[in-house]
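Visitor: Predicted model and sequence follow; I will ask about them next.
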Amino acid sequence: MRAFGNRTLVTGMAMSVLAFLYAPILVMMVFSFNDSQYTGLPFNGFTLRWYEALFSDEQMLMSIWNSVFVGLGVVVISVLFGVPAAIALDRYEFPGKGLFRRIVMLPLVLPGIITGIALLGFYLTIHLRLSLYTIMLGQGTALMCVTITEVFARLQQLGKSQAEAAANLGANDWEIFKNVTFPGIRSALFGAMLIAFSISFDEIAVTFLLTGRENTLPMTLWSLLRREVTPEVNAVATLIVFLSIILIVAGMYASRGHANESEA
Amino acid sequence: MTAMTTIERPVELKGTSIRSARAIERRRLLLWLVPPLAWFTVFMLIPYATLLYTSLGHVDDMRFIPGLSLDNFVRVFTVDPYLSVILKSARIGLMTAVFSSIVAYPLAFYLAFHVRTQRLKFLIYLLVIVPWWASYLVKAYAWKTILGSGGILNVGMQNLGLVHEPVRLFLYNEFSVDMTLTYIFTPFAVLSIYAQLERVPTSLIEAARNLGADGWMIFRRIILPISVPGVVAGAIITFSLAFGDFVAPVLVGGPDSVMISNVVINLLGVAFDWPMAAAIGLVIITLGLLLISASGWLEEKTQTRF
């Protein structure tokens, strides 16, 4: 038996934490249906007009699409560059490895604004015009460590013996990666992609300084929250929560079959 | 020397000597290492070097004058409000890290030890990560709806007759910033602590129970010490995220709850003082590197091997 301690007490405490996590989300959802100009009390009655407003709000819909675009780009960048970094850290000893590891982890502990001004200064120096791509590059740099740490942790769990056995049997580098390494890290990689996308989708600090003319969703919401707030912001956030639940569940079920076989 | 020339030799020589095997190893290492290294050089190291160059100059009449002066770094530590705001941000980060660890622990514990079926575990895990997707801004704003003077909490308490006037203590102060940040970042702490608790072998708990330990004793003597690295890792992340935040102070903070990121934004947007902002940036980058080294050391030292 793994369980120990007072079951009622533990369950009660866990449920209160979940209640704490969901109280504002519930409030957010309830007030997205409020028939009032304001997002607060009193609750005047049920309406869907904020969802109608949302679907006819070109700027809002455009910024959702922009966020998806940036998020997908960030995922691609962090996989293309993060996986090799994790493999290098796992397999090899090289001079400056400790420093490399620290530099890779740095954006995780650094305020996004600092990553932002460093990149903004760099972009200005090389005369790069701010756009969705500059946001993508910035977030990609900041979020790559998520992929690196997740994949690195999985590689450490898997150990080297399988890859070495494959090498002894004559597999080349690509075959080893395709048939041994990749199947082993697939579920961890999928989790990292999901995390990177969700953080990117909601990222404010790095994006704040690197935004050109096109806004991501958080930037649009930020400007709305500082001017006039209507329940439309609640409606868009509620919609995204539901879409993301569908996405996460579908994704997890899809990767589940593979996840089990590679779990250590 | 031979080691150098083997690099150029065809692959058929693989394994013929230790030296050529090493050369091949080195080439493989470069294959994996060069792309990320190039990325971090272009998008981190060069920008940081630009930052350093900027920080050594100064601004005169809205124009940047290059220079080689450490004045801006001296100002970070001597001129108000820079150092005090950095310290305040660190205090808010620390409070957030402590509160999130306390809030997250029971949920992580429940998830690791008390969830019986795989299906329920999946559901609870999902419930922990879904709040990530609800926009940070809208969630922070929702706290305003709850805590404000016309908010749900105050109206509820007035209706129950607990208070006669709205309590203004809930909002627009440092506590509301701490609380909002704790709320936002708790899921990170849950996942980090949970990952560590999952590593505890069931046999260890059974052995302790067979030897007559009660639940509290198992927790205090076995689980708590083992969970330390997970708590530390979660605390480092929540601390860092809270330290660099600039949204909560604007939305739920009081007039004096400006944090370091807000100061940097004002230096860029309002004062146009890039060199000063760059100097603050470099000081924080240094602190960040120190934090990573300290956390690596701490996690290593507290990690239990099974």
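Guide: Done, it's in.
Visitor: hey, let's count contacts and neighbours off CA atoms from now on
Guide: Will do.
Visitor: which non-adjacent residue is nearest the most centrally placed residue in chain B?
Guide: The centroid of chain B falls nearest to B:Ile237 when counting by Cα atoms, centre = their mean (2.3 Å). Nearest residue to B:Ile237, sequence neighbours excluded (Cα to Cα, 6 or more residues apart in numbering or on different chains): A:Val109, at 6.5 Å.
Visitor: Next, count neighbours for the one you found.
Guide: Residues lying near A:Val109 (other Cα atoms under 10 Å in any protein chain shown) number 24.
Visitor: Roughly how far does it sit from B:Gly151?
Guide: Going from A:Val109 to B:Gly151 by Cα to Cα, to the nearest Å gives 34 Å.
Visitor: ditto for B:Ile205
Guide: B:Ile205 is 46 Å from B:Gly151, by Cα to Cα.
Visitor: of all of the stretch 51-200 of chain B, which residue lies closest to chain A?
Guide: Using Cα to the nearest Cα, the closest approach of the stretch 51-200 of chain B to chain A is made by B:Leu107 at 4.3 Å.
Visitor: In what element of secondary structure is the residue nearest to that residue when sequence neighbours are not counted found?
Guide: With Cα to Cα, 6+ apart as the criterion, B:Leu107 has its nearest non-adjacent residue at 4.3 Å, and that residue is A:Ala14. Element membership for A:Ala14 (DSSP states H and E) is helix A:7-31.
Visitor: List the buried residues for that helix?
Guide: For helix A:7-31, the neighbour count (16 or more other Cα atoms under 10 Å in any protein chain shown) marks A:10-11, A:13-14, A:17-18, A:21-25, A:27-31 as buried.
Visitor: The very next helix or strand once past that helix and chain B in contact?
Guide: Sequence-wise, the next helix or strand downstream of helix A:7-31 (DSSP H and E) is helix A:49-55. No: Helix A:49-55 is not in contact with chain B by Cα under 8 Å from any Cα of the partner chain; minimum separation 14.7 Å.
Visitor: Now find how far off-centre helix A:49-55 is within its chain.
Guide: The chain centroid and the centroid of helix A:49-55 are separated by 26 Å under Cα atoms, centre = their mean, to the nearest Å.
Visitor: Output the contacting helices and strands for the helix or strand that comes right after that helix.
Guide: Where DSSP H and E defines the elements, the next helix or strand beyond helix A:49-55 is helix A:58-91. Contacts defined by 3 or more Cα pairs under 8 Å, 6 or more residues apart in numbering or on different chains; DSSP states H and E place helix A:58-91 against helix A:49-55, helix A:132-158, helix A:182-201, helix A:217-226, helix B:18-40.
Visitor: Nearest to B:Leu123 among those would be which one?
Guide: helix A:182-201 (15.7 Å; Cα to Cα).
Visitor: buried residues in that closest one?
Guide: By neighbour count with 16+ other Cα under 10 Å, helix A:182-201 contains the buried residues A:183-201.
Visitor: If you average the pLDDT over it, what comes out?
Guide: For helix A:182-201, mean pLDDT is 87.
Visitor: Show me which residues of the stretch 101-250 of chain A sit near chain B.
Guide: Residues of the stretch 101-250 of chain A lying near chain B (Cα under 8 Å from any Cα): A:102-106, A:108-114, A:117-119, A:121-122, A:137-138, A:141, A:198-199, A:201-202, A:205, A:218, A:221-222, A:233-234, A:237-238, A:240-241, A:244-245.
Visitor: Strands - which of those land there?
Guide: Counted as lying in strands by DSSP state E, out of those, is not a single one.
Visitor: Buried subset of those residues as a PyMOL selection?
Guide: Selection of the buried residues among those in PyMOL, burial being defined by 16+ other Cα under 10 Å:
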select buried, chain A and resi 102+103+104+105+106+108+109+110+111+112+113+114+117+118+119+121+122+137+138+141+198+199+201+202+205+218+221+222+233+234+237+238+240+241+244+245
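Visitor: Where helices are concerned, which of the residues of the stretch 101-250 of chain A next to chain B count?
Guide: Cross-referencing these against helices under DSSP state H gives A:102-106, A:108-109, A:112-114, A:117-119, A:121-122, A:137-138, A:141, A:198-199, A:201, A:205, A:218, A:221-222, A:233-234, A:237-238, A:240-241, A:244-245.
Visitor: before we move on, the earlier item: and the residue nearest to the centre of chain B, what does it touch?
Guide: By Cα atoms under 8 Å, 6 or more residues apart in numbering or on different chains, the residues touching B:Ile237 are A:108-109, B:188-189.
Visitor: and what of B:Ile92?
Guide: So B:Ile92 contacts B:174, B:177-178, B:242-243 (Cα under 8 Å, 6+ apart).
Visitor: List just the nearest of the residues you listed to A:Gly5.
Guide: Set against A:Gly5, the nearest of the contacts of B:Ile92 by Cα to Cα is B:Asp178 (30.7 Å).
Visitor: Alongside chain A, which residues does the stretch 151-300 of chain B contribute?
Guide: Contact residues, the stretch 151-300 of chain B versus chain A (Cα under 8 Å from any Cα): B:151-152, B:183, B:202, B:205-206, B:214-216, B:236-237, B:240-241, B:243-246, B:261, B:264-265, B:278, B:281, B:284-285, B:288-289, B:291-293.
Visitor: quick one: the closest residue to B:Trp32 other than its chain neighbours from A:Gln59, how far?
Guide: Excluding the flanking residues, the one nearest B:Trp32 by Cα to Cα, 6+ apart is A:Pro84, at 4.7 Å. A:Pro84 sits at a distance of 38 Å from A:Gln59 (criterion: Cα to Cα).
Visitor: neighbour-wise, which of these two wins?
Guide: Using other Cα under 10 Å as the criterion, A:Pro84 and A:Gln59 rank with A:Pro84 on top: 24 against 16.
Visitor: Tell me how far that one lies from A:Phe152.
Guide: 10 Å.
Visitor: Which single residue in the stretch 201-306 of chain B comes nearest to chain A?
Guide: The stretch 201-306 of chain B approaches chain A most closely through B:Gly244 (4.0 Å), counting by Cα to the nearest Cα.
Visitor: On the pLDDT front, check residue 128 for me.
Guide: In the absence of a named chain, chain A is used. Reading off the confidence values, A:Leu128 has pLDDT 91.
Visitor: Chain B, not that one
Guide: We note a pLDDT of 90 for B:Val128 in this prediction.
Visitor: Double-check it against B:Pro187; I have them as touching.
Guide: Yes: the pair B:Val128 / B:Pro187 is scored as a contact, 5.9 Å apart, by Cα atoms under 8 Å.
Visitor: any low-confidence regions in chain B?
Guide: Scanning chain B for pLDDT under 70 picks out B:1-21, B:306.
Visitor: So which residues of it form strands?
Guide: Counting by DSSP E, chain B has strands at residues B:58-60, B:63-65.
Visitor: neighbours of A:Tyr123, just the number please.
Guide: For A:Tyr123, using other Cα under 10 Å, the count is 17.
Visitor: so is the spatially closest residue to it that is not a sequence neighbour in a helix, a strand, or just coil?
Guide: Distance criterion Cα to Cα, 6+ apart; nearest residue to A:Tyr123, sequence neighbours excluded, is A:Arg129 at 7.4 Å. Three-state call for A:Arg129 (DSSP: H, G, I helix; E, B strand; the rest coil): coil.
Visitor: what's around A:Arg129, how many residues?
Guide: The burial count for A:Arg129: 14, using other Cα under 10 Å.
Visitor: Thought A:Gly121 was touching it, still the case?
Guide: No: contact status for A:Arg129 versus A:Gly121: not in contact, 11.8 Å apart, counting by Cα under 8 Å.
Visitor: Having no further points to raise, I will conclude here.
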